[in-house]
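>>> Need coordinates for the below:
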Amino acid sequence: MEAPKLLLLILLIPCDLFIGKSLGDGVTHEESKELRDEVREMFYHAFNGYMNHAFPRDELRPLSCGGEDTLGGYALTLIDSLDTLALLGDRERFTASVEWIGKNLRFDINKTVSIFETTIRILGGLISAHLIASDHNTGMKIPSYDDELLHLAEDLARRMLPAFDTPTGIPFGSVNLLHGVDENESKITSTAGGGTLTLEFGILSRLINDPIFEQVSKNAVRGLWARRSKINLVGAHIDVFSGEWTQKDAGIGTSIDSFYEYLLKAYLLFGDEEYLFIFQEAYKAAMNYLFSDPWYVEVNMNSAALVWPLFNSLQAFWPGLQVLAGDIEPAIRTHAAFFSVWKRYGFTPEGFNLATLSVQQGQKSYPLRPELIESTYWLYKATRDPRYLDAGREILASLQYGARCTCGYCHISDVEFHKQEDHMESFFLAETVKYLWLLFDLAAGPDNLVENGPYKYVFSTEGHLLPVTPQISLVREHCSYFGAYCRNSNLRLKTHSAVSAQTNSSGSQTRHADSSFLSRSSYQSSSPVSGLKVRNLMGLCPGLTYEQRFGISFMSPVDSSSEDENSSQRKPTEVQGHSLLLNSNPNPEVSLSGPHNDHDNSPARVPQEESPSSKPKR
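Below is the predicted model of the structure:
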């Protein structure tokens, strides 16, 4: 696959070129403005409900009009909402929120938090708001602002660094902000948990001129990719010490999804070709073994044997990612299939069984997820096809009539009966509402920071706005890998990984990282490398193989278990023609006629629904 050129085309085309062509069936120009205003009201209904009844606790209980601490007890929803306030042009509330956080938020607390959720929600929220509040070009600069959010972000990230002190470089799933990693902390983490840190950590390194954060997040990606299967698939869960996969199901949904997302977005934001190379290989494997047009399935990462024919709601981000990658046609078909599930129930359940054509038992809820709306926005932005405005209008109606409650918007505990649950996650305001508003504002003739501002933006997996500025991006000017010599520097950065790093053509040797380097303050604060500007580390090492250039080689052992031996009898390339898959019907709409006769034998593994707080959002 070529480098993603379509995104660049989309970003460069003036938005007003499409005005007059951007109206959906029945969605007039005036109605698009009304829908945009309705989404704005939706945001403030929920945001005011949080501020009036839950703040400064983490999240709102929208039915009982109370609050609850779900992540760390530090005003999670307010931090997650900061750049949405800026996007809506609410200077007063954005300023007041930034000032309150700068004065009151502290992270020296005895709380054990998720590395994944804390990074994408808190760290990303602080960094995005800092970049908006400190820059005249955004139109939202706060005169009194003195980098308070950036200081908080650095403090938070340093408190998470002990989690990366593992033999593989893949971090623990949780860390105590005061005491580090607990001795009884689980060594098992998800692929998304270890591979969805590069944007936030990388930007922080560039803003404070310290490479440690970018280095550890990149090493985590390398640690995962080095243990990929021979067919370039990764599993769902891995032991961060042994590097053994503890769950070998490969898919694009729960526990893996944003691993793919951040590979491409790290390339788009930083220009780092290593991420692009990994993404191209990973994407090719996903399309070869997981794609059963228009659906995606889970397979064994080693044999590609079908494990589970399930539409998982988290898969719905994938068409949007394909837009960024320039692969539009399959994105259109998959979005149509996913949206057909929404139309059937009014929401997308956490799991929809493609064999029985029914909601998966134990996965009936819809926790206000944004992924389908995110893909709808990106496909409309790329195609200006009116069907996506119609889809947005239908999604908005479902939320208004099914999820709106006393003080905000409620989780739907059962999509078949639209039963409400007293919970509203912070990502509803950070993503769900944001993407809906952007969709209708784009149709109305956009006037916002993203479409008309001075920068192009990459959205984090939490929907936070990350600008492609020279300070952050330094496209083609930074060292694209840490474990190699650079053309204009004799400095060599250590890699914290069990993967051996090869030198350039001047010599070759195997080198293992010192597993205690994170605890050495001399590296963190006084390393000669950390005082250099990132662009001084630039350079390529031509003439080397990928493994030599990037220090990545296969680490995963050959799987010889009886389970994989049996499943390997089936050829990997046959996954798209498996009898359980609904790929024979060219119409992506879900059939409502009930299960077919050859689908009577349901898969043996029945996944149980997990609470949103117990699994990665992506």
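>>> from here on, contacts and neighbour counts on C-alpha atoms
Fine.
>>> What ranges does the stretch 351-500 of the chain have for its strands?
Remark: strands assigned in the stretch 351-500 of the chain by DSSP state E, counting those that start in this stretch are 351-353, 358-359, 411-414, 419-421, 457-459, 465-467.
>>> Direction included, what does the first one pair up with?
To tie it back to what came earlier, the one meant is strand 351-353. strand 310-312 (antiparallel), strand 358-359 (antiparallel) (DSSP bridges).
>>> deepest of the ones you listed, which one?
Comparing those by mean neighbour count (mean count of other Cα atoms under 10 Å), strand 310-312 comes out on top with a mean of 25.
>>> which other residues reach it?
The contact list for strand 310-312 (Cα atoms under 8 Å, 6 or more residues apart in numbering) reads 253-254, 295-298, 338, 349-355.
>>> Stretch 170-184 now?
With contact meaning Cα under 8 Å, 6+ apart, stretch 170-184 is reached by 107-116, 156, 159-160, 162-166, 185-190, 193-194, 219-221, 223-224, 240.
>>> And it, how far out from the chain middle?
When distances are taken as Cα atoms, centre = their mean, to the nearest Å, stretch 170-184 is centred 22 Å away from the chain's centroid.
>>> can I get the CA coordinates of that stretch in PDB?
What follows is stretch 170-184 as a C-alpha-only set of coordinates in PDB (Å, rounded to 0.1, in the frame of the first residue of the first chain):
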ATOM      1  CA  ILE A 170       5.700  -3.200  26.800                       C
ATOM      2  CA  PRO A 171       4.200  -1.400  29.900                       C
ATOM      3  CA  PHE A 172       2.200  -2.800  32.700                       C
ATOM      4  CA  GLY A 173      -1.500  -2.100  32.400                       C
ATOM      5  CA  SER A 174      -1.700   0.000  35.600                       C
ATOM      6  CA  VAL A 175       0.600   2.100  37.800                       C
ATOM      7  CA  ASN A 176       0.200   3.800  41.100                       C
ATOM      8  CA  LEU A 177       0.800   7.500  40.700                       C
ATOM      9  CA  LEU A 178       2.500   7.800  44.100                       C
ATOM     10  CA  HIS A 179       4.300   4.500  44.500                       C
ATOM     11  CA  GLY A 180       4.900   3.100  41.000                       C
ATOM     12  CA  VAL A 181       4.000  -0.400  39.900                       C
ATOM     13  CA  ASP A 182       2.500  -2.600  42.700                       C
ATOM     14  CA  GLU A 183       4.400  -5.800  43.300                       C
ATOM     15  CA  ASN A 184       1.100  -7.700  42.700                       C
END
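>>> And it, what's buried?
For stretch 170-184, a neighbour-count test (16 or more other Cα atoms under 10 Å) marks 170-177, 180-181 as buried.
>>> what would those look like in CSV with pLDDT, distance to His45 and secondary structure?
Formatted as CSV, the buried residues of stretch 170-184 follow (pLDDT from 0 to 100; distance: Cα to Cα, whole Å; DSSP: H, G, I helix; E, B strand; the rest coil):
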residue, pLDDT, distance to His45, secondary structure
Ile170, 98, 40, coil
Pro171, 98, 38, coil
Phe172, 98, 37, coil
Gly173, 98, 34, coil
Ser174, 98, 33, strand
Val175, 98, 34, strand
Asn176, 97, 34, strand
Leu177, 97, 33, coil
Gly180, 97, 38, strand
Val181, 97, 39, coil
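>>> related to what we said a few turns ago, hmm, which two among the contacts of strand 310-312 are most spread apart?
Spanning the widest gap among the contacts of strand 310-312 are Thr254 and Ala355, at 18.9 Å by Cα to Cα.
>>> So which of the contacts of stretch 170-184 belong to strands?
Here DSSP state E is the test, and the contacts of stretch 170-184 give 112-114, 188-190 as lying in strands.
>>> if I pick Pro319, what's in contact with it?
With contact taken as Cα under 8 Å, 6+ apart, Pro319 is in contact with 328, 330-332, 334-335, 375, 379.
>>> Max pairwise distance over those residues: which two?
For the contacts of Pro319, the farthest-apart pair by Cα to Cα is Pro330 and Ser375; their separation is 12.5 Å.
>>> Output the lowest mean pLDDT helix or strand found in this protein.
helix 521-526 (a mean of 28; mean pLDDT, DSSP states H and E).
>>> can the strands of the stretch 351-500 of the chain go into TSV with extra columns for mean pLDDT and distance to Gly125?
Below are those laid out as TSV (pLDDT from 0 to 100; distance: least, Cα to Cα, whole Å):
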stretch	mean pLDDT	distance to Gly125
strand 351-353	98	29
strand 358-359	97	34
strand 411-414	98	22
strand 419-421	97	26
strand 457-459	97	11
strand 465-467	97	9
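>>> among those, which is nearest Asp210?
With Cα to Cα as the measure, strand 465-467 is the member of those nearest Asp210 (18.6 Å).
>>> Could you spell out the sheet neighbours of the closest one, each with its direction?
Strands that pair with strand 465-467, judged by DSSP bridges, come out as strand 457-459 (antiparallel).
>>> Give me the contacts around the partner strand.
The contact list for strand 457-459 (Cα under 8 Å, 6+ apart) reads 265, 268-269, 450, 465-468.
>>> ok, back up a step: among the contacts of strand 310-312, which one has the most neighbours?
Pro349 (28 neighbours; other Cα atoms under 10 Å).
>>> Go through the chain and flag its longest helix.
The helix that spans the most residues within the chain, counting by DSSP state H, is helix 29-53.
>>> Name the residues of that one that come out as buried.
Counting neighbours by 16+ other Cα under 10 Å, the buried set in helix 29-53 is 29, 31-36, 39-40, 42-43, 45-47, 49-51, 53.
>>> Nearest the geometric middle of the chain, what residue?
Geometric centre of the chain, nearest residue: Thr461, 2.9 Å, by Cα atoms, centre = their mean.
>>> Verify the stated contact: that one with Tyr260.
No. In this structure, Thr461 is not within contact of Tyr260 by Cα atoms under 8 Å, at 10.7 Å.
>>> What's the local residue count around the residue found closest to Glu374 once you drop the neighbours it is linked to in the chain?
Excluding the flanking residues, the one nearest Glu374 by Cα to Cα, 6 or more residues apart in numbering is Tyr435, at 5.6 Å. Neighbours of Tyr435 under the rule other Cα under 10 Å: 25.
>>> I figured Gly320 was touching Tyr380, is that so?
No. Gly320 sits out of contact with Tyr380 when judged by Cα under 8 Å, with a separation of 9.9 Å.
>>> Which one's more surrounded, these two?
Between Gly320 and Tyr380, counting by other Cα under 10 Å, Gly320 is the more crowded of the two (27 against 22).
>>> so how far is Glu261 from that one?
Counting by Cα to Cα, to the nearest Å, the separation of Gly320 from Glu261 is 10 Å.
>>> for Val240, same thing?
Distance, Val240 to Glu261, by Cα to Cα: 21 Å.
>>> Between these two, which has more neighbouring residues?
Neighbours per residue (other Cα under 10 Å) separate Val240 from Glu261, with Val240 holding more: 27 against 24.
>>> Was I right to think Asp293 contacts His335?
No. Applying Cα under 8 Å as the test, Asp293 and His335 come out as separate, 11.1 Å apart.
>>> Between those two, which is the more surrounded one?
Set Asp293 next to His335 and count neighbours by other Cα under 10 Å: His335 wins out with 23 against 20.
>>> Now do the contacts for the more buried one.
Contacts of His335 (Cα under 8 Å, 6+ apart): 316, 319, 372, 375-376.
>>> Quick one: those as CSV, columns for pLDDT too.
CSV is the format used below for the contacts of His335 (pLDDT from 0 to 100):
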residue, pLDDT
Ala316, 98
Pro319, 98
Leu372, 98
Ser375, 98
Thr376, 98
